[in-house]
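1. what's the 3D shape of this:
(one chain, ligands or ions: 1)
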Amino acid sequence: MFGRTLLVRLFNLSAVAVWKLMRLIFLLLLAHVISAGAAVDVWLDSLDLSLLRQGFGSPGTNVSVTGSPLSIAGKKFERGVGTHAASALWIDLAGGAEQFSAKVGVDDNAKGTGSVVFRVWADGQKIFDSGVMRSRDAARNLEVRLNGAKALLLQVTDGADRIAFDHADWADAHFRVNGPSPKAVAFPAEPRVLLTPEPGLSPRIHGPKVFGCRPGNPFLYRIPAQGARPMTFAARGLPDGLNLDTGTGIITGTAPARGEHVVRLRARNLHGKTTREFRIISGDTLALTPPMGWNHWYAHYDRITDAMVREAADLLISSGMADAGYNYVNIDDCWMNAPEQRDPLRAGPLRDASGRLKPNQHFPDMRALADYIHNRGLKAGIYTSPGPLTCGNFAGSYEHEAVDARTFAEWGFDFLKYDWCSYGRVASGEIASTTDTPTWPRGDSPLAVYGHPYRLMGDLLKHQNRDILYNLCQYGMGSVWEWGESVGAQSWRTAGDLGFELDRIFEVALRNASYRAWSRPGSWNDPDYLQIGWVGNARGGGLPRPCPLSSNEQYAYMSLWALMASPLIYSGDLTKLDAFTLNVLCNPEVIEINQDPLGQCAATFMITETTFLMAKDLEDGSKALGLFNDGEFPADVTASWQMLGLRGRQEVRDLWRQKDLGPATAKFGATLPRRSGMLVRLTPFKGR
Ligand code: GAL
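-> Below you'll find the model as predicted:
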């Protein structure tokens, strides 16, 4: 044989050695052929898809995200996974997969809208990128070699135009496996680290440095202070008409004459004493800093009762949240009667004979409830809709606005959330109006149609003898940030319910920050609640469960809300507050960035595919800087003084850890883990 003869000639091998070598080669080849033959197909749809995270709905096994047969540009597929951007599935390959193949595209049920990007990452390296794929684009063929890879990430991002109708299909998706089978795994979450240091025993006064009120109205302010109790309070320069309870730190009375009143607050306990300046500005502007508090929606939905609201007030105090500045206790939908309801105690006549709203039987005495909240130094919030019914189908204020505004004031409420809900039926002319109401069919301008119901209630609230903060909730329609203040509001939701897109806090924040020109004292963009800890499922009003965000994402969430000067309203279950959630919610140095008297929303810089920076000026001449990585892998993020408009040496303080990091002269940067942020304060160096 030619091969044998050649080996004998070339290497001078004996015939026996050559025979042994040939046999070895043959056996190796045979083993390879046998093992290649052992390779099997493992279908993506057979993995545990409950571990897939996605921006909307739940993953479809062999169907689209909405349950229809998988179909891309008219072509139907028997197998695959239907998901929705933003979507991420982590898979442990354990080195056993040779290849991954699929046909990817936007499912036909996206009906011409929807655009997505499919990406595949193996051990941190991007090995496939579909580029932007739109609805009706033919399926793209995906075939990637995986030899030896361990961690695989299948990712779908939105096509940079939000996630509306981003129904994404991994059709015909399967692995060629020769060894251990791929397994879906949870995303690589970091351990829960408590970044905020313990508050300590000696007193520390927190809360806003400026406080707005209207002259002559009832005044209520509980001095937020951390430190061991008992603590005694004092206030130098308190204007006439105001009294301080020295044991509780609650200031009550009648708001002083128009003007600025500079007060020096003091707190003392066994471990020490402290003072802080507090400026009361009596005039026309309320909410000189973003409102802080709690809202029941994501904890109790339509299960809310008087007892739960009272419990929430108590828990704000006992948990220490009120000592960090959270002071509104806000009732959301479902406190009034509904024409029909599965809970008979919530169904009944909507109004009494004189036209006043009737609370349902879970709320026996609204006045007593507000008093209960006030007695603890906290404020009470209530909810209704400008339409005939709220979103939960309870009584709304349509054509009863005046009596409702009066009723809320008489009961003693300090905050009103006014939620569009069924008002669309008025705006469309479907519900005939008995007043001169702008509507689309009449040809009124969008602004007139959107603004009318909100101005109506805004004017009424202004004329009550109470300071009632006014929070518009109409999901950003008609660019509400441009006119919210002019209808008398202090804050307005800039988008739909964040609970539907919690996975996308970074994008939500970037969008919200683009309205920064409208953020200033008394005028706040509201990207919705802080939904961390135990929160309910936005769809279906499920019972609270641990929020789906990793701990780094939760710290980043709070950093973003601080930088944006967003209202800090926690909407989670206060009965299940744990040390971690409190750690995220109650870092005074982080909250101070939110409550800064300048009221700026941070500007965004250096936005790349996965990283960005946010920075804003603070009253004392320093700057708050946030560095963010919303990608799935670690990334370096650096801010240069040049881009921040800074010069010279800056002291850098890590606000989460409350730790000085030393001076920096031209830039500051860090390597950030996946989906995380860092919040620092840069203060010009004053020494030599
Ligand atoms: C939604 C609103 C939520 C919650 C809910 C109550 O429209 O955005 O925050 O108030 O209604 O039904």
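
2. can we go C-alpha only for contacts and neighbour counts from here?
-> Noted.

3. how near is Arg310 to the ligand?
-> Separation of Arg310 from the ligand (C-alpha to the nearest ligand atom, to the nearest Å) stands at 19 Å.

4. check for me that that residue belongs to a helix.
-> Yes. Using DSSP: H, G, I helix; E, B strand; the rest coil, the assignment for Arg310 is a helix.

5. count of neighbours near it?
-> Arg310: 15 surrounding residues under other C-alpha atoms under 10 Å.

6. same thing with Ala225?
-> Neighbour number of Ala225 under other C-alpha under 10 Å is 24.

7. got it, and Arg406?
-> Using other C-alpha under 10 Å, Arg406 has 17 neighbouring residues.

8. am I right that it is in a strand?
-> No. Counting by three-state DSSP, Arg406 is located in no strand; its state is helix.

9. would you quantify the distance from it to Phe413?
-> 10 Å (C-alpha to C-alpha, to the nearest Å).

10. now do Gly96
-> Gly96 is 63 Å from Phe413, by C-alpha to C-alpha.

11. who's in contact with the residue nearest to Tyr372 when sequence neighbours are not counted?
-> Nearest residue to Tyr372 in three dimensions, chain neighbours excluded: Arg310, at 7.0 Å (C-alpha to C-alpha, 6 or more residues apart in numbering). By C-alpha atoms under 8 Å, 6 or more residues apart in numbering, the residues touching Arg310 are 369, 372-373.

12. from those residues, which ones fall inside helices?
-> Counting by DSSP state H, the part of the contacts of Arg310 found in helices is 369, 372-373.

13. what separation is there between the spatially most central residue of the chain and the ligand?
-> The centre of the chain sits closest to Ile505, judged by C-alpha atoms, centre = their mean, with a distance of 4.9 Å. Ile505 sits 16 Å away from the ligand, taking C-alpha to the nearest ligand atom as the criterion.

14. next: Val590.
-> To the ligand, Val590 is 25 Å away according to C-alpha to the nearest ligand atom.

15. Three-state assignment for that residue, please.
-> Classified using three-state DSSP, Val590 is helix.

16. Asp332 - how many residues pack around it?
-> Neighbourhood size, Asp332 [other C-alpha under 10 Å]: 22.

17. and it, how far from Trp297?
-> As for Asp332, its distance to Trp297 is 6 Å (criterion: C-alpha to C-alpha).

18. and if you look at Glu410?
-> 24 Å.

19. more neighbours: the two, which one.
-> Taking other C-alpha under 10 Å, Glu410 and Trp297 do not tie; Trp297 has more neighbours (24 against 14).

20. what's the more buried one in contact with, if anything?
-> Here Trp297 is in contact with 331-333, 571-572 (criterion: C-alpha under 8 Å, 6+ apart).

21. farthest pair in those residues?
-> Across the contacts of Trp297, the longest distance by C-alpha to C-alpha is 15.1 Å; it joins Asp333 and Gly572.

22. between these two, point out the one with more neighbours.
-> Applying other C-alpha under 10 Å to Asp333 and Gly572 shows that Gly572 carries more neighbours, namely 28 against 24.

23. neighbour-wise, which of Gly96 and Phe413 wins?
-> Phe413 (27 against 21).

24. just say helix, strand or coil for the closest residue to the more buried one other than its chain neighbours.
-> In space, Phe413 comes closest to Ala380 once its chain neighbours are excluded; the distance is 5.1 Å by C-alpha to C-alpha, 6+ apart. Three-state call for Ala380 (three-state DSSP): strand.

25. Ala380: neighbour count?
-> 26.

26. looking at it, it is touching Phe408, isn't it?
-> No. With contacts counted by C-alpha atoms under 8 Å, Ala380 stays clear of Phe408, the gap being 10.1 Å.

27. wasn't Ala509 part of a helix?
-> Yes. Per three-state DSSP, Ala509 lies within a helix segment.

28. give the closest residue to it in space, chain neighbours not counted.
-> Nearest residue to Ala509, sequence neighbours excluded (C-alpha to C-alpha, 6+ apart): Leu560, at 6.6 Å.

29. also Thr246?
-> Nearest-residue entry for Thr246: Phe233, 4.6 Å, with adjacent residues in sequence omitted and distances by C-alpha to C-alpha, 6+ apart.

30. tell me what that neighbour is bridged to.
-> Ala267 (DSSP bridges).

31. please renumber the chain so that the first residue is 45 from this point on.
-> Happy to do that; since the first residue is 45 now, the last one works out to Phe277.

32. contacting residues around it?
-> Applying C-alpha under 8 Å, 6+ apart, we find Phe277 in contact with 288-293, 309-312.

33. highest neighbour count among those?
-> Neighbour counts for the contacts of Phe277, by other C-alpha under 10 Å, peak at Ala311, which reaches 25 neighbours.

34. so that one sits against Gly291, correct?
-> No. Using C-alpha under 8 Å, Ala311 is not in contact with Gly291, being 9.9 Å away.

35. quickly list what's touching both of those two.
-> Common neighbours of Ala311 and Gly291 are listed as 275-277 (criterion: C-alpha under 8 Å, 6+ apart).

36. dump the residue contacts of the residue in the stretch 95-244 of the chain that the ligand sits nearest to.
-> As assessed by C-alpha to the nearest ligand atom, the ligand sits closest to Phe100 within the stretch 95-244 of the chain, at 16.3 Å. By C-alpha under 8 Å, 6+ apart, the contact set of Phe100 is 128-129, 544-545.

37. how about 7 Å then?
-> Residues near Phe100 by C-alpha atoms under 7 Å, 6 or more residues apart in numbering: 128, 544.
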